[in-house]
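>>> Sequence unavailable; structure follows:
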């Protein structure tokens with residue numbers, strides 16, 4: 001069961017979210033959120049291959065963009081469980097669900113300002129599903145996920161150069177259902193399904209191959225949050241709590257992108273949700 005509601009909030013100032021509009025449908029596991037700062041893209045979901053977009057400065061419902069075109073690799077698969085990242089012009093969809101549990105290694109891309117279907121970019125070094133991706137504007141990196149056990153691998157591509165990914169390093173913990181945000185040389189990957197450290201924030205230098213380091217903690221353990229941010233902060237919204245209720249939470253956390261440390265409570269979503277995606281862009 002999905003939720004087609006879109007919330008928005010001010011990343012720079014602690015605040016609760018408000019209703020932005022509705023997506024094309026009620027997608028579940030719609031992990032492919034990307035943005036160029038003015039247009040935001042949402043892709044896929046269980047049983048769906050839709051790509052939709054919004055203009056971040058105008059409240060309202062999403063508009064059809066095109067279709068994801070790489071679902072035919074597995075008759076039992078759908079276009080979900082993939083990870084999205086972008087630069088100013090190009091968005092990438094990395095990995096995704098496969099009925100084997102091993103995930104896929106495919107990378108597809110779109111041109112954000114030109115509506116159309118996704119096109120083959122290359123392959124990941126490590127197949128995965130339910131991972132996360134982040135970008136610093138030059139490089140995009142897919143991290144974590146399952147294949148079928150949880151993995152800690154980080155793969156990196158140059159966004160403007162078609163081709164296969166290379167192994168960049170490892171997360172501090174193997175986990176799936178994490179989320180990520182990057183700026184300049186740094187990517188942060190947060191949360192995830194790991195029995196001991198579901199509140200972990202990892203930091204990775206995308207400019208130089210190497211392993212992640214422990215950056216701090218979220219305010220509570222959770223998996224399947226949605227992350228985005230700006231030049232100063234990363235945010236993680238919603239997710240599934242680790243308590244016995246197994247319920248979606250509405251908490252929004254925020255952390256500094258320049259200084260290692262724990263996240264702080266930023267506000268609340270209009271309702272609890274999980275397995276969604278986050279994007280950011282200009283308000284005007």
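Structure's in. What do you need? These numbers come from a predicted model, not from an experiment.

>>> wouldn't residue 122 be in contact with residue 159 here?
No - in this structure, residue 122 is not within contact of residue 159 by Cβ atoms under 8 Å, at 11.2 Å. The C-beta positions use only the backbone N, C-alpha and C, and glycine is treated the same way.

>>> Compare these two (neighbour count), which wins?
Counted by other Cβ atoms under 10 Å, residue 122 and residue 159 do not tie: residue 159 has more neighbours, with 22 against 17.

>>> number of nearby residues for residue 113?
Number of residues near residue 113 (other Cβ under 10 Å) recorded here: 12.

>>> SS state for it?
coil (DSSP: H, G, I helix; E, B strand; the rest coil).

>>> isn't it right up against residue 39?
Yes - applying Cβ under 8 Å as the test, residue 113 and residue 39 come out as touching, 6.5 Å apart.

>>> pLDDT of stretch 169-183, averaged?
Averaging pLDDT along stretch 169-183 gives 96.

>>> Which residues does residue 252 form beta bridges with?
Beta-bridge pairing of residue 252 under DSSP bridges involves residue 237, residue 267.

>>> measure it to residue 220 for me?
Distance, residue 252 to residue 220, using Cβ to Cβ, to the nearest Å: 12 Å.

>>> of the two, who's got more company?
More crowded of residue 252 and residue 220, by other Cβ under 10 Å: residue 252, with 26 against 17.

>>> Just the helices from this structure, written as ranges.
In the chain, no helices are defined using DSSP state H.

>>> Listing partners with orientation, what would you give for the lengthiest strand in it?
The residue-count maximum for a strand in the chain (DSSP state E) belongs to strand 119-128. Next to strand 119-128 in the sheet, as set by DSSP bridges, lie strand 104-111 (antiparallel).

>>> now the strand it pairs with: how far from the chain's centre is it?
14 Å (Cα atoms, centre = their mean, to the nearest Å).

>>> Show me what it is in contact with.
Contacts to strand 104-111, defined as Cβ atoms under 8 Å, 6 or more residues apart in numbering, come from residues 41, 51, 65-66, 68-70, 73-74, 77, 82, 89-98, 116-129, 157, 162, 165.

>>> count of residues packed around residue 267?
18.

>>> so what's the nearest residue to residue 272 once chain neighbours are set aside up against?
Excluding the flanking residues, the one nearest residue 272 by Cβ to Cβ, 6 or more residues apart in numbering is residue 248, at 3.7 Å. Going by Cβ under 8 Å, 6+ apart, residue 248 touches 238-241, 272-274.

>>> if I look at the residue nearest to residue 157 when sequence neighbours are not counted, how far off is residue 197?
Nearest non-adjacent residue to residue 157, counting by Cβ to Cβ, 6+ apart: residue 165, 4.7 Å away. Distance, residue 165 to residue 197, by Cβ to Cβ: 26 Å.

>>> Tell me where the stretch 151-284 of the chain is predicted with low confidence.
Along the stretch 151-284 of the chain, the parts satisfying pLDDT under 70 run over 195, 243-245.

>>> now with 90?
Applying pLDDT under 90 to the stretch 151-284 of the chain flags residues 185, 194-198, 241-247, 276, 284.

>>> How many residues are close by the nearest residue to residue 23 once chain neighbours are set aside?
Leaving aside its chain neighbours, residue 23 sits nearest to residue 4 (4.2 Å; criterion: Cβ to Cβ, 6+ apart). Using other Cβ under 10 Å, the number of residues around residue 4 comes to 17.
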